[in-house]
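*Asks:* Provided below for reference: sequence and predicted model.
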Amino acid sequence: MDLKTMKLYTNAHSRGNTILPLLKELDIEDQVEIIQVDYKDLNQPEYLALNPMAKIPFLEDQGSVISETPAIFAYLADKYIEKGFAPTLSDPKRGEYLKWLFFCHGPLTEFMDIKSLGISTEQIQERRRSLGFGTEETIYNFIKIGLKQANPYLLGHQISAADLFLAYWLIFAISFKIVPYLDEFKPFIQLIQQRDTVKGVAWIQAV
């Protein structure tokens, strides 16, 4: 009997790679069909009908389409909330959990994009009020303070999808030399690297 009720559209070079370990963490690999889509095909009508942004990854579940990687993280963690990867709606820590998901997809991603384009520190400083991340110093300080307060995870003793998402983005940025591998990042990244779900994932173990 086929138990696959969801479809994850992705490919080997997309941000969908960050979702695959989450499926293992939630123990739902047998419920998700992985559909490989080449970038060149994303403008085909069948895919544009699902995601008009012509981007992957996106998740289809019973006629609903969830695009944007953090939204997929949040959706799956909530759908299987009994697995403990998201605080419940009544838990005050849920606000912090959402803060980290939005931070990674917002200020951190914006900062990484700006840095990869080679925009100078002077230009960033001039435009800091209109940039979501502010300055390079503020983005690093935000992460450093959050990781200093981690015990050992962002929300305390229980890992969440936010921990996975932050670690994946830091590892990606460090691997491409967009962000330095600061000493303050190492204990947290190494903690995530020790999880069974990512021990065989080369790009996560690369730093």
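*Replies:* Sure thing, it's come through.

*Asks:* which residues does the residue nearest to the spatial centre of the chain contact?
*Replies:* By C-alpha atoms, centre = their mean, the chain has its centre lying nearest to residue 165, at 3.4 Å. Residue 165 sits next to 18, 69, 70, 73, 100, 101, 104 when contact means C-beta atoms under 8 Å, 6 or more residues apart in numbering. C-beta here means a position set from N, CA and C on the backbone, and glycine is covered the same way.

*Asks:* need the buried ones from those residues selected in ChimeraX.
*Replies:* Only the buried entries of those go into this ChimeraX selection, using 16 or more other C-beta atoms under 10 Å:
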select :18,69,70,73,100,101,104
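
*Asks:* which of the contacts of residue 165 fall within helices?
*Replies:* Of the positions in those, 69, 70, 73, 100, 101 sit in helices, assigned by DSSP state H.

*Asks:* and the residues you listed, which is closest to residue 34?
*Replies:* Nearest to residue 34 among those is residue 69, at 15.0 Å by C-beta to C-beta.

*Asks:* reformat the contacts of residue 165 as TSV; add pLDDT.
*Replies:* TSV is the format used below for the contacts of residue 165 (pLDDT from 0 to 100):
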residue	pLDDT
18	94
69	96
70	96
73	98
100	98
101	97
104	96
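
*Asks:* and of the contacts of residue 165, the nearest to residue 92?
*Replies:* Nearest to residue 92 among these, with distances taken as C-beta to C-beta, is residue 100, at 14.5 Å.

*Asks:* for the closest one, what are its contacts?
*Replies:* With C-beta under 8 Å, 6+ apart, residue 100 has these contacts: 146, 154, 162, 163, 165, 166.

*Asks:* and for it, nearest residue in space, chain neighbours not counted?
*Replies:* Distances taken as C-beta to C-beta, 6 or more residues apart in numbering put residue 162 closest to residue 100, at 3.9 Å, once the chain neighbours are dropped.

*Asks:* now do residue 36
*Replies:* With C-beta to C-beta, 6+ apart, the residue lying closest to residue 36 is residue 11, at 5.2 Å.

*Asks:* that neighbour: how many residues sit nearby?
*Replies:* 17 (other C-beta atoms under 10 Å).

*Asks:* okay, buried residues for the worst-scoring helix or strand of the chain on mean pLDDT please.
*Replies:* When each helix and strand of the chain is scored by mean pLDDT, DSSP states H and E, helix 121-126 comes last, with a mean of 84. Neighbour counts over helix 121-126 (16+ other C-beta under 10 Å) mark residue 124 as buried.

*Asks:* let me see the residues that make contact with that helix.
*Replies:* Counting contacts by C-beta under 8 Å, 6+ apart, the residues outside helix 121-126 that touch it are 114, 131, 135, 136.

*Asks:* off-centre distance for it?
*Replies:* Its chain's C-alpha centre and that of helix 121-126 lie 27 Å apart, by C-alpha atoms, centre = their mean, to the nearest Å.
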